[in-house]
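J.: Okay, sequence plus prediction incoming.
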Amino acid sequence: MPEIADLRQALIDVGRRFDARGWVAAGGGNFSARLDARTALVTASGPHKGLLTPGDFVAVDIDSGTCNAGKPSYETGLHLAVYRRLPDVGAVLHTHGPAATRISRRDGKNVVLRGYEVQKALPGAPDPARTCTVPVFDNDQDIARLAGRLETRLRSEPLLAGCLIAGHGLYAWGTTVAQARNRVEALEFMFQCELDEEQVKP
């Protein structure tokens, strides 16, 4: 497994990159990386994700959600649900990008993507001719309940690369921080393309 200092720095770098793109404004979003089979490193509650320091992370037990020190993000349960259900996942990134947030508010429960070369960044590197579906969950301030719904979905669809929370934003994951970052970028790109196309339709 990667060293804890390397994981912290990778998440700090992601925060700066996403902040420059306007995807974690006003302290929004949260990030995590798997330390080992039992523990995840999660951003602490409060810090702006574009200004993270090595002290802004908390080690959390994946099964119980407990930690020895610090206060992890309020939405930590969603990260842990992914780690419990998908043991190969090494990082989970949550952003509040405008395109993801806007598209999550459309009618319907899924965002269907097709015809994009960048779909190859998703699990299985799907051919652009294939349809990729990103599920949308209703927002819920009860994180345990929302995490339970996500974990149930992952039992039936283990190859998902991410999901949307309505009016809230995107969760995406990968085997490494770099892969999760690339999937966030790919999904945000496709979401923006979908919205742009809707605007030009007669």
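T.: Nice, I can see it. Numbering: from 1, shown residues only.
J.: Please enumerate the strands of this protein.
T.: Secondary structure of the chain, counting by DSSP state E: strands at 30-34, 39-43, 57-61, 91-95, 110-114, 131-137, 162-165, 169-174.
J.: and the residue lying closest to Ser45 once chain neighbours are set aside, how far is that from Arg38?
T.: In this structure, Ser45 finds its nearest non-sequential neighbour in Lys71, 4.7 Å apart by Cβ to Cβ, 6 or more residues apart in numbering. The C-beta positions use only the backbone N, C-alpha and C, and glycine is treated the same way. Counting by Cβ to Cβ, to the nearest Å, the separation of Lys71 from Arg38 is 20 Å.
J.: For the most centrally placed residue in the chain, give the beta-bridge partners.
T.: Geometric centre of the chain, nearest residue: Tyr171, 2.4 Å, by Cα atoms, centre = their mean. Beta-bridge pairing of Tyr171, defined through DSSP bridges, involves His94, Cys163.
J.: Now do the contacts for Met134.
T.: Let me fix one detail, which is that residue 134 is Val and not Met. Applying Cβ atoms under 8 Å, 6 or more residues apart in numbering, we find Val134 in contact with Asn110, Val111, Val112, Leu113, Leu160, Ala161, Gly162, Cys163, Leu164, Leu187.
J.: Is it correct that Gly15 is in contact with Lys49?
T.: Yes: between Gly15 and Lys49 there is a contact under Cβ atoms under 8 Å: 4.1 Å.
J.: quick one: which of the contacts of Val134 has the most company?
T.: When neighbours are counted by other Cβ atoms under 10 Å, Leu187 leads the contacts of Val134 with 30 neighbours.
J.: can I get the CA coordinates of stretch 191-202 in CSV?
T.: Taking Å, rounded to 0.1, in the frame of the first residue of the first chain, the C-alpha atoms of stretch 191-202 are listed here in CSV:
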residue,chain,number,x,y,z
PHE,A,191,-21.9,16.1,-18.0
GLN,A,192,-20.9,19.5,-19.4
CYS,A,193,-21.2,18.2,-22.9
GLU,A,194,-24.7,16.9,-22.2
LEU,A,195,-25.8,20.2,-20.8
ASP,A,196,-24.3,22.1,-23.7
GLU,A,197,-26.1,19.9,-26.2
GLU,A,198,-29.4,20.4,-24.4
GLN,A,199,-29.0,24.2,-24.8
VAL,A,200,-28.5,24.0,-28.6
LYS,A,201,-31.4,21.6,-29.3
PRO,A,202,-34.3,23.3,-31.0
